[in-house]
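Q: Here is my input; please provide its structure:
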Amino acid sequence: MADEEVDTKLNVVGMVGLIVFYLIIFFAGILSHKVLKRKGRKEIQKTQVANHTEDMMLAGRDINYFVGVFTMTATWVGGGYINGTTESVIKNGLVWTQAPIGYSISLFLGGLFFAEKMRSKSYVTMLDPLQIKYGKPLGAFFYIPAFAGEILWSASILAALGTSLRVICGINDTASIIVSAAIAMTYTLFGGLYSVAFTDIIQLICIFVGLIFSIPWMTGNAAVTMPLQAGNVIMFQGKPGNLEYSKFYGKLDKDDIGIWIDYAIMLMFGGIPWQAYFQRVLSSRDVSVAKTLSFCAAFGCFCAAIPSIVIALITMNTDWPATEYARELIPDNYKLAVPLTLLYLTPPGVAFIGLGAVSAAVMSSTDSSILGVSTMFTRNVVVNVFYKNASDKFTTWFLRGTILVNTIIAMLIAIFVKTVYGLYLICSDLVFILLFPHLMLVVHFPKRTNKYGMFCGFFTALFLRVLSGEPVLRYNAIIKYAGYVEPGKDDEGNDTYGYQRFPFRNLIMILNFIITLSVTFLSQKLFQTYPELRKYDYLGAVKDGEQELEMEKKKGDSGKKTTDGDI
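A: Residues are numbered from 1 along each chain as shown. All right, here's what the predicted structure looks like:
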């Protein structure tokens, strides 16, 4: 039975409650820039940004501890995070639910290794240091994986919201996706990061209060077995000779350790190079705020997963045929666990509070991703590469137009593409494989990389990733690492695609590092040893190196503090 067969009767009371909630978020977003741009701070904010566009992108670089922790946490705790955590625990067990721990660690590592260096140099976007080091055209290449990841993330959580609203309120998926995205887009157009940050406060409160408030009502339902059983719920028999294991805790086979390690490290380090994260870091009032909000958000991100995990345990302990759902919860409907528990295990009023939590989670992530990807395109692609003399007024309106276009793209993908989340996962590993190594190098070891190293490392890694196969895109690997599982047939006789058990993503990421460092070293030595070859320096790496040395010498001579934010 597919998820389309879930009853979807229109619920008028739910519709009214949802409209009220959306109106609160909408007007809060519209008016928020007036609240955050207080008289006492307005003049200070003007001095911390170069123009009105940067003010819109970075909220005057005046985000304090309180607002910063809320907006950073809310950015990560989206609808996909809440629904996905519950689905993952039910389907694969706690041991395979890696996102809460992985993303929490990534926020901590971001605060530890990147926040201070990025904020102290007054960058505007995550791509600024890449364009400073590799040049504006070549640095703009990194926008491709960043754009794909952010847009598909937005689309995946919009699709999740559409499903949730259909189940609880009986609203058409398409209508709910369009309305939700339009509201988030509108207040973002008006206030930029001011609006996004302020609404994140309301939305994060709704997430925590809504879900936590719903749990006691769920456990009080007669169809739920109490006390909740975690150690022996829905027991499974493993391979002959193996002990039984709990579905809640899950099982990690020895053959699958490579897959587990691959995803764990990808989440920890691949969760760093996202504009939605760095936009909060770069908008912080100072370095101390940037680091602190990263650490606090890491804790908040982990705590936000606890209600979702508890809801998964409740779902496993529910006699679903005894509820109004009147049938077993099949694997195809695990992704609906959160809306189904709200709808069938709680009273209507409580269900709509929980629905508000899910809706808030979606908008808090959607507006952040859309603003982030639009900011990068406007600044790092259009202005830096194609229209270097753009006026502030043009840039501001172009940013607003880009927000509109990107929102439409995310909506269309959410409505028409059925494997959005799978595509998002592919883009996430591209961000990890292609973007993370170079961001690490330009921020921490800028002298160890140049254009030749970047070009060879980037495209070699991309080539290797394509040849490693991808079941989501329905093609098998050409390069087969140790433990590769060959294509075959499933229990129903359908064709299955091969997949890698070896942690190949980490291998390719490390090779990206090694190739970049090696080619950089060889090219530097070659041009130093044979100066006559400089006429073949088509990418201008030698000239770039000389300019960097000259700038360092000037800084040392002047003894003045300078920033690298202006590119």
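
Q: roughly how far out does the one helix or strand residue 177 maps to sit from the chain middle?
A: If you go by DSSP states H and E, residue 177 is part of helix 173-191. Centroid separation for helix 173-191 versus its chain: 19 Å, with CA atoms, centre = their mean, to the nearest Å.

Q: switch to numbering from 46
A: Okay, residue one is now 46; in that scheme the one you just asked about reads as helix 218-236.

Q: which element follows that helix toward the C-terminus?
A: Using DSSP H and E, the helix or strand that follows helix 218-236 in sequence is helix 238-264.

Q: Which of the helices and strands in this protein ranks last by mean pLDDT?
A: None of the helices or strands of the chain scores lower by mean pLDDT, DSSP states H and E than helix 84-93, at a mean of 56.

Q: Can you get me a residue count around residue 375?
A: Number of residues near residue 375 (other CB atoms under 10 Å) recorded here: 12. C-beta here means a position set from N, CA and C on the backbone, and glycine is covered the same way.

Q: Got the phi and psi for it?
A: Dihedral angles of residue 375 (phi, psi; degrees, to the nearest 10) stand at phi -90, psi 160.

Q: measure residue 73 to residue 236 for me?
A: Per CB to CB, to the nearest Å, residue 73 is found 10 Å from residue 236.

Q: Could you check which of those two is surrounded by more residues?
A: The residue with more neighbours, out of residue 73 and residue 236, is residue 236; 24 against 17, by other CB under 10 Å.

Q: Tell me, how many residues neighbour residue 580?
A: Residue 580 has 7 neighbouring residues, counting by other CB under 10 Å.

Q: now swap in residue 433 and tell me
A: Residues lying near residue 433 (other CB under 10 Å) number 9.

Q: Where does it sit: helix, strand or coil?
A: The three-state label given to residue 433 by DSSP: H, G, I helix; E, B strand; the rest coil is coil.

Q: Next up, the contacts around it.
A: Residues near residue 433 by CB atoms under 8 Å, 6 or more residues apart in numbering: none.

Q: On the pLDDT front, check it for me.
A: Here the pLDDT value assigned to residue 433 is 87.

Q: List phi and psi for it.
A: phi -70, psi -20.

Q: And it, how close does it get to residue 99?
A: Distance, residue 433 to residue 99, by CB to CB: 16 Å.

Q: ditto for residue 417
A: Distance, residue 417 to residue 99, using CB to CB: 14 Å.

Q: Show me which of those two is the more surrounded one.
A: Between residue 417 and residue 99, counted using other CB under 10 Å, the more crowded position is residue 417 (29 against 24).

Q: list the contacts for that one?
A: Contacts of residue 417 by CB under 8 Å, 6+ apart are 195, 319, 320, 321, 324.

Q: Please identify which helix or strand holds it.
A: Secondary structure from DSSP H and E places residue 417 in helix 393-421.

Q: in the helix or strand just after that helix, what's buried?
A: Next in sequence after helix 393-421, counting helices and strands by DSSP H and E, comes helix 437-461. For helix 437-461, the buried set under the neighbour-count rule, 16 or more other CB atoms under 10 Å, comprises 440-441, 443-445, 447-449, 451-452, 454-456, 458-460.

Q: Nearest to residue 140 among those?
A: Taking CB to CB as the measure, residue 140 sits nearest to residue 459 out of the buried residues of helix 437-461, at 30.1 Å.

Q: I'd say that closest one and residue 197 touch.
A: No. In this structure residue 459 lies outside contact range of residue 197 using CB atoms under 8 Å: 9.5 Å.

Q: what do residue 73 and residue 236 both touch?
A: residue 243.

Q: Now do the residue nearest to residue 492 when sequence neighbours are not counted, the pLDDT please.
A: Among residues not flanking residue 492 along the chain, residue 593 sits closest, at 7.7 Å (CB to CB, 6 or more residues apart in numbering). Residue 593 carries a pLDDT value of 70.
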